[in-house]
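> What follows is a predicted structure for the sequence shown.
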Amino acid sequence: MGVGGCLVVPWRCLVVLCLRLVFLVPAGVPVRSGDATFPKAMDNVTVRQGESATLRCSVDNRVTRVAWLNRSSILYAGNDKWCLDPRVVLLSNTKTEYSIQIQDVDVYDEGPYTCSVQTDNHPKTSRVHLIVQAVGFVSEDEYLEITGITREQSGEYECSASNDVAAPVVRRVKVTVNYPPYISDAKSTGVPVGHKGILQCEASAVPAAEFQWYKDDKRLVEGQKGVKVESKAFFSRLTFFNVSEQDYGNYTCVASNKLGNTNVSIILYEISEPTSSTLFQEETTTALTPWKGPGAVHDGNNGTSRRAGCIGLLPLLLLHLLLKF
């Protein structure tokens, strides 16, 4: 089944019958010498379902009558439309071209179409085959709209088109959402004098953030004595190799890209270096704490627990005696 169909009017049908018998080329009519290339052969036309197909036929000043046919049905004869289908329209009828257009093409429109011309000698025809692709890319009116998109909605999206004719066609689209930096992690750090100290600032941003460090109003740069500034795509690290009293204080990490910037304050503060006596007190406290794990002996009267044996305290007592001498 194709486009078209003759108008059911007796006198017109008679004309159509005459056109088919007189005007159209019977099968097997030879082409005379000198006319072998006229009309020119047409390439097949391939369109996707729902698009418009244009069928073009080249003519010249030798042509006296023209027509387009779909199988045995006349679509147009000259400027006169002979089909009922409103999708079929005449585009051009000039001295050089005779063309029609089929709008909103469907699969049943696929098939052969014939351009028939009448010259001073005899009728000639040229055939074109219309190919309709039933499955293809998503049509232009199919889209996904995301209003007020956020950075959490970035990622890969998948679109699938399918029907009963062929297997689904899948296309993937990666969506990148640009946003200004936000600092996700930055903690103050305590370090004893003379030890190594590290301050780290982590930020998420697209495009990637650039980092800067400040102490008070002074910017810290790479190569400054005793300090190393190391920045990657999502974090920046400030390293002090030998912390002095002057290094303690408030530091500012600034993260920026072309969409904006943000900053956070981080404090490098002093803590006391642990001594041997401090370590002993911590170990003793830990040892004397009631043990509630496996191996504990529970007193059924008062509900308290005690560890079986005191042999675990002996090494600590020996260590304490050695530290006195």
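On my side now, so go ahead.
> where exactly do the strands run in the stretch 101-250 of the chain?
111-118, 123-133, 155-161, 169-175, 179-186, 189-191, 197-206, 210-215, 218-220, 227-231, 235-240, 249-257 (DSSP state E, counting those that start in this stretch).
> Taking their axis directions, the longest one and strand 111-118 sit at what angle?
This points to strand 123-133. Between the axes of strand 123-133 and strand 111-118, defined by axes from the mean of the first three to the mean of the last three Cα atoms, to 10 degrees, the angle is 160 degrees.
> by contact count, what packs against strand 123-133?
strand 45-48, strand 53-58, strand 111-118 (3 or more Cβ pairs under 8 Å, 6 or more residues apart in numbering; DSSP states H and E). C-betas here are computed from N, CA, C, even on glycine.
> what's the closest of the ones you listed to residue 223?
Ranking the helices and strands packed on strand 123-133 by proximity to residue 223 (Cβ to Cβ) places strand 45-48 first, at 61.6 Å.
> Check which residues of that closest one are buried.
For strand 45-48, the neighbour count (16 or more other Cβ atoms under 10 Å) marks 45, 47 as buried.
> go on, stretch 50-70?
Neighbour counts over stretch 50-70 (16+ other Cβ under 10 Å) mark 51, 53, 55-59, 63, 66-70 as buried.
> Same question for stretch 187-206.
189, 191, 197, 199, 200, 201, 202, 203, 204, 205.
> Name the helix or strand of this protein that has the lowest mean pLDDT.
Least confident element among the helices and strands of the chain, by mean pLDDT, DSSP states H and E: strand 296-298 (a mean of 37).
> rewinding a little: most widely separated two among the buried residues of stretch 50-70?
51 and 63, at 29.2 Å, using Cβ to Cβ across these.
> got the domain boundaries for the protein?
Following automatic domain parsing, one finds the domains of the chain at 10-133, 180-270, 276-324.
> In terms of distance to residue 264, which of the buried residues of stretch 50-70 ranks first?
Lowest distance from residue 264 to the buried residues of stretch 50-70 (Cβ to Cβ) belongs to residue 51, with 55.6 Å.
> Just give me the neighbour total for the nearest residue to that closest one once chain neighbours are set aside.
Nearest non-adjacent residue to residue 51, counting by Cβ to Cβ, 6 or more residues apart in numbering: residue 105, 5.9 Å away. By other Cβ atoms under 10 Å, the residues close to residue 105 number 23.
> just use 545 as the starting number from now, easier for me
All right, first residue 545 from here; so that's residue 649.
> Report the separation between residue 649 and residue 600.
16 Å (Cβ to Cβ, to the nearest Å).
> Next, the contact list for residue 655, please.
Contact analysis of residue 655 by Cβ atoms under 8 Å, 6 or more residues apart in numbering lists 546, 614, 615, 673, 674.
> what's the answer for residue 642, then?
So residue 642 contacts 600, 601, 603, 607, 610, 612, 636, 659, 661 (Cβ under 8 Å, 6+ apart).
> In CSV, list those along with distance to residue 769 and pLDDT.
What follows is the contacts of residue 642, written out as CSV (distance: Cβ to Cβ, whole Å; pLDDT from 0 to 100):
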residue, distance to residue 769, pLDDT
600, 80, 93
601, 85, 92
603, 88, 89
607, 93, 88
610, 91, 93
612, 88, 94
636, 82, 93
659, 87, 92
661, 92, 90
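> Help me confirm that residue 588 comes into contact with residue 676.
No. If you go by Cβ atoms under 8 Å, residue 588 and residue 676 don't touch, sitting 11.4 Å apart.
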